[in-house]
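Undergrad: Coordinates for the following, if possible.
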Amino acid sequence: MSQSNYPFSKKFMLRTISLTLGAALLAAPLSAYAAQTKPITEAVPLTDYEFESAYHTGSYLDVGESRLLSDKQIRKQWKGIDKQYSPERAVEAVKEALPEAEYEALFPMRLGSKEWHEFNKDKKNYDPNQVDYYSYENLIQAVTEVANIKYKVSYRKGSLTAQEVFRLDKDNKSETLVSRSNDFNAPENRRKKIESQVVDFGTFLKEGSDTDRKRELAALLANLAHETGGGWDAAPGGPLRWGLYYNENIAGRTGANMSTFVDPDSSGLYPGVEGKRYYGRGPIMMSWNFNYGLFSSIIYGDKSVLLKNPEKLAADGKLGFMTAILFWMTPQAPKPSAHDVMVGRWEPTKEQEEKGLKPSGFGITVMVLNGLEANLGETDGSPIKRRAGHYRDITKRMGVDVSAEKIDTLGMKPF
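TA: Okay, here's the model as predicted:
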């Protein structure tokens, strides 16, 4: 992942907790026009002169439009396309860190597995057609697809909320303008220099040492297993065998909570569709209209796909894993990305050190994902107990020793 002195705006993404099932992703809406539904056009690449001008004045694209870039333009505007971060290399990294047999042994009660069906076949509302949502193949396919995406936020210097957001399809070299803030080209901002940060999602499990990469995958899966866990202390096989058991917020799915989860302040950007509800779905329990719209823009280049069909997230395990990996890889100022924490790229500021946010490790990823779990140890009833349990369980199976790592959040305050 490329580094920058201009981390993603705090308005870009924040994290909160779901009261009914694990933690729910919360992305604060951008003060921008959301991506419109427009086909990718076979545009003639801009000339060097036009491209240089675009760099200083902002993109010539309308929101939702795409253009093809030359290799020279990609090197200049996107820092190139590194072959070591290709989808094929990303998949190899997953398989080396945790083979399929080991994955399935860790999560035998995952949603739709053979063991899940056996346990639930006599239960109310049992669905005999439930597929293996958290299958290893879905994880591999998700890694393959996100590795083909680069993501960029460009800011006016000194005005981090004045921004343009882009996605790059590395395979077809197509750049899409996802959003542009209302004030990006305001008179007071036009003379300000543009600073950018680029995230290559293909760097997942491809940075740091071999041990760091295993720890990163373990940390991601441990956090997801906690968010979706269905285990209890006396659960058959132990509570850790029940990770990845759910993929929908229980209250939302059953109708106990009939909220549409449409935020009025962001409905102009990411309008909710009549009859649709944006409650928590997927391995990170993604909630709210602005999340569905933003992640739809990143994944599809079109905000409307998930706004019109939020249920796709619960039906498609590959899509679910994609949203989890994208969130894991994306910085959220003042927070780093969980990826950077686990591969040793992040160093706490003096202010963060004063909040106890050190040393880098699994405990910090919890604070990145859910600051409401600050200053907690592995006591009975603490969510940290199960998160840490999953992390130790997975790393042990990988042959990685994490005994010296700070795994809880004791002494930590939110970012």
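
Undergrad: Below-threshold pLDDT in the chain: ranges please.
TA: 1-57 (pLDDT under 70).

Undergrad: so where's the longest helix in it?
TA: helix 210-227 (DSSP state H).

Undergrad: what about dumping the CA coordinates of the helix or strand just after it to CSV?
TA: Next in sequence after helix 210-227, counting helices and strands by DSSP states H and E, comes helix 250-254. Provided in CSV are the C-alpha atoms of helix 250-254 (Å, rounded to 0.1, in the frame of the first residue of the first chain):
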residue,chain,number,x,y,z
ILE,A,250,-30.7,-11.0,13.8
ALA,A,251,-33.0,-8.1,14.7
GLY,A,252,-32.9,-6.8,11.2
ARG,A,253,-33.5,-10.1,9.5
THR,A,254,-36.4,-11.2,11.8
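
Undergrad: Run through who's touching helix 250-254.
TA: By CB atoms under 8 Å, 6 or more residues apart in numbering, the residues outside helix 250-254 that reach it are T20, L21, A256, N257, S259, F261, R277, Y279, G280, R281. Heads up, the C-betas are built off the backbone N, CA and C, glycines and all.

Undergrad: looking at this, the fifth one is in a strand?
TA: No - following the definition DSSP: H, G, I helix; E, B strand; the rest coil, S259 is coil and is not counted among the residues of a strand.

Undergrad: hang on, it packs against R277?
TA: Yes - in terms of CB atoms under 8 Å, S259 counts as a neighbour of R277; the distance is 7.1 Å.

Undergrad: and the two? which has more neighbours close in?
TA: R277 (21 against 12; other CB atoms under 10 Å).

Undergrad: For that one, pull up the helix or strand it's in.
TA: With DSSP H and E as the test, R277 turns up in no helix or strand.

Undergrad: Which residue lies closest in space to it, excluding its sequence neighbours?
TA: Excluding its sequence neighbours, the residue lying closest to R277 (CB to CB, 6 or more residues apart in numbering) is T260, at 5.0 Å.

Undergrad: Show me what the lengthiest strand in the chain is packed up against.
TA: If you go by DSSP state E, the chain has its longest strand at strand 159-169. Judged by 3 or more CB pairs under 8 Å, 6 or more residues apart in numbering; DSSP states H and E, the packing partners of strand 159-169 are strand 149-156, strand 174-181, helix 289-300.

Undergrad: partners of it, with directions?
TA: The strands beside strand 159-169 in its sheet (DSSP bridges) come out as strand 149-156 (antiparallel), strand 174-181 (antiparallel).

Undergrad: would you list those in a markdown table and tack on distance to D380?
TA: Below are the strands paired with strand 159-169 laid out as a markdown table (distance: least, CB to CB, whole Å):
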| stretch | distance to D380 |
| --- | --- |
| strand 149-156 | 40 |
| strand 174-181 | 44 |
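
Undergrad: Looking at these, which is nearest to D200?
TA: Closest approach to D200 among those is made by strand 149-156 (5.0 Å; CB to CB).

Undergrad: relative to helix 289-300, how tilted is that closest one?
TA: Strand 149-156 runs at 120 degrees relative to helix 289-300, counting by axes from the mean of the first three to the mean of the last three CA atoms, to 10 degrees.

Undergrad: quick one: G275 and L269, what's the gap?
TA: Counting by CB to CB, to the nearest Å, the gap between G275 and L269 amounts to 20 Å.

Undergrad: And for L240?
TA: L240 is 40 Å from L269, by CB to CB.

Undergrad: For the stretch 301-415 of the chain, which segments count as helices?
TA: Using DSSP state H, counting those that start in this stretch, the helices of the stretch 301-415 of the chain run over residues 304-308, 312-315, 317-329, 338-342, 350-354, 362-369, 383-398.

Undergrad: Kindly report the same for the stretch 51-200 of the chain.
TA: 71-78, 87-97, 100-106, 114-120, 136-146.

Undergrad: ok so, going back, around the residue nearest to R277, count how many other residues there are.
TA: Applying other CB under 10 Å, we find 15 other residues in the vicinity of T260.

Undergrad: I'd guessed it sits against V273; true?
TA: No - applying CB under 8 Å as the test, T260 and V273 come out as separate, 9.5 Å apart.

Undergrad: So which residue is smack in the middle of this structure?
TA: F327 (1.5 Å; CA atoms, centre = their mean).

Undergrad: distance of that residue from R241?
TA: 25 Å.

Undergrad: before we move on, what about T349?
TA: Distance from T349 to R241, by CB to CB: 39 Å.

Undergrad: Tell me which of the two has more neighbours.
TA: R241 (21 against 11).

Undergrad: and the more buried one, what is it in contact with?
TA: Here R241 is in contact with F107, P108, M109, G231, A235 (CB under 8 Å, 6+ apart).

Undergrad: Mind checking which of the residues you listed are buried?
TA: Buried subset of the contacts of R241 (neighbour count, 16 or more other CB atoms under 10 Å): F107, P108, M109, G231.

Undergrad: Would you agree the first one is in contact with G231?
TA: Right, the one you point to is F107. No - in this structure, F107 is not within contact of G231 by CB under 8 Å, at 10.8 Å.

Undergrad: Can you check which residues contact both of the two?
TA: With CB under 8 Å, 6+ apart as the test, F107 and G231 both reach R241, G243.

Undergrad: number of nearby residues for the residue nearest to N185 when sequence neighbours are not counted?
TA: Distances taken as CB to CB, 6+ apart put G58 closest to N185, at 5.8 Å, once the chain neighbours are dropped. Neighbourhood size, G58 [other CB under 10 Å]: 20.

Undergrad: K214 too?
TA: 24.

Undergrad: Ok, the one 5 residues further on next?
TA: Other residues within reach of A219 by the criterion other CB under 10 Å amount to 29.

Undergrad: No more questions from me, cheers.
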